[in-house]
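J.: coordinates only, sequence not included:
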């Protein structure tokens, strides 16, 4: 269960959007669009085939009336595909699984692909769960593997009372909920003891991913099912009785699922909101807002690029001044900022002024830029706060 863990952004990340403007045009401040991005780390991006989709043979595409509207917060392309189906996060990284192989794939929280990894003796894992320390998953059999993905280590394994494809962990109960496609959803502990079960339906079936969210009230079990118009349906289930609440949502109605179908599911506090995060097999990793999550403790962002100002007649030594806003509760000082000019290497500087929650600070870099030549100019400025809990508001682009 991740919902009470703020994302510890121990990485520095910013996203560059390529835009151009003529020198005679007015500057316009734009936030870089980080919520939908390309992933170029691997050559085999996003071209899934029917053979690499783990599909329930009983799944049928029949539209289901929508009883709730979830806002799409982000979607990232899967970097590998070819069987990329399960997903989980520890709040630091996102991990996906390969249902037809022994690989796991590691991403930054912002969707940047990092690497692939393997664990000796573990393969064909479908959905994953996380208990705050380790990951758990099965290969559509009764064996549940306890995994340290950061250190690529198999911690232990135990036998569940059901075949495990979809799986979720309940922190409140210290127990798992799991099933295999349309089998009964079974609750069991870390010793494999059966703690009860309930049948799927009447709408939910062909499940691939489960997640229990106890951040938003009341606590529900969410299933990602290969039903509905695009086979990407979210089903909300009341606990402990297993009754569907009547909340159904087609992820394909807001996200670019393409040929992807329901895969794994997880949740995470993210930029002041609780998100449901899933993977549409081989195609995208998506995030939907479940509920507001409050103001983060640590969050800085560039509010505006003040200089160079709009106009003409630029010189060879134009200053770059930005306005920084503290969007988190904690006061901030001694942090790094940067800017780039026309795709240059970043120019870094340090802000020593203390900025309290809700305050702004204007900061001028020591480095100036040459804007005397005609043609295209692009300026992007970013904050780089260690422990920033929302990296998506770090940067601004001035056009």
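T.: Nice, I can see it. Remember, predicted model here, so these are calculated numbers, not experimental data. Residues are numbered from 1 along each chain as shown.
J.: how does this protein divide up, domain by domain?
T.: The record's domain parsing of the chain by automatic domain parsing lists 29-34+295-398, 50-292.
J.: Now tell me what touches stretch 189-204 from outside.
T.: Contacts with stretch 189-204, where a contact means Cβ atoms under 8 Å, 6 or more residues apart in numbering, come from 64, 144, 158-162, 173-176, 179, 182-188, 207, 223, 225, 227, 233, 235, 237, 240-242, 244, 248. Any C-beta I mention is one placed from the backbone N, CA and C, and that applies to glycine too.
J.: Tell me the pLDDT of residue 9.
T.: As predicted, residue 9 sits at a pLDDT of 34.
J.: and what of residue 41?
T.: For residue 41, pLDDT reads 36.
J.: now swap in the one 10 residues further on and tell me
T.: Predicted confidence (pLDDT) for residue 51: 59.
J.: Could you do the one 10 residues further on as well?
T.: Per-residue confidence at residue 61 stands at 82 (pLDDT).
J.: Now do the longest strand along the chain: distance to the chain's middle.
T.: As assigned by DSSP state E, the longest strand anywhere in the chain is strand 153-164. Mean-position distance between strand 153-164 and its chain equals 26 Å (Cα atoms, centre = their mean, to the nearest Å).
J.: Tell me which residues are up against that strand.
T.: If you take Cβ under 8 Å, 6+ apart as the criterion, strand 153-164 is touched by 119-122, 126, 134, 137-148, 176, 178-180, 183-184, 186, 188, 190-194, 197.
J.: Which members of those residues are positioned in strands?
T.: 137-138, 141-148, 176, 178-179, 186, 188, 194, 197.
J.: so where do the helices sit in the stretch 1-150 of the chain?
T.: Using DSSP state H, counting those that start in this stretch, the stretch 1-150 of the chain contains no helices.
J.: where are the low-confidence patches of it?
T.: Applying pLDDT under 70 to the stretch 1-150 of the chain flags residues 1-51, 66-68.
J.: Now the longest strand of the chain: buried residues?
T.: Within strand 153-164, the residues that count as buried by 16 or more other Cβ atoms under 10 Å are 158, 160-164.
J.: how about CSV for the residues you listed, with distance to residue 98 and pLDDT added?
T.: Below are the buried residues of strand 153-164 laid out as CSV (distance: Cβ to Cβ, whole Å; pLDDT from 0 to 100):
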residue, distance to residue 98, pLDDT
158, 23, 98
160, 21, 98
161, 26, 98
162, 22, 98
163, 19, 98
164, 16, 98
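J.: Looking at these, spot the one nearest residue 89.
T.: Of all the buried residues of strand 153-164, the one with the least separation from residue 89 (Cβ to Cβ) is residue 164, at 19.1 Å.
J.: Chain neighbours aside, what residue packs nearest to the closest one?
T.: Spatially, and ignoring its direct neighbours in sequence, residue 164 is nearest to residue 138 (2.9 Å; Cβ to Cβ, 6 or more residues apart in numbering).
J.: Residue 179 is in contact with the one you found, correct?
T.: No: Residue 138 lies out of contact with residue 179 (Cβ atoms under 8 Å); the separation is 10.5 Å.
J.: quick one: common contacting residues for the two?
T.: By Cβ under 8 Å, 6+ apart, residue 138 and residue 179 have these common neighbours: 163-165.
J.: show me what contacts the residue nearest to residue 164?
T.: Counting by Cβ under 8 Å, 6+ apart, residue 138 has contacts 125-126, 144-145, 160, 163-165, 167, 178.
J.: Closest one of those residues to residue 213?
T.: Nearest to residue 213, judged by Cβ to Cβ, of the contacts of residue 138 is residue 167 at 14.6 Å.
J.: From the rest of the structure, what touches the helix or strand containing that closest one?
T.: Here residue 167 sits within strand 166-170, counting by DSSP states H and E. With contact meaning Cβ under 8 Å, 6+ apart, strand 166-170 is reached by 1, 126-131, 136-138, 144, 175-180, 187, 207-212, 214, 221-224, 239, 264-265.
J.: Could you tell me the end-to-end distance of stretch 77-88?
T.: 16 Å (Cα to Cα, to the nearest Å).
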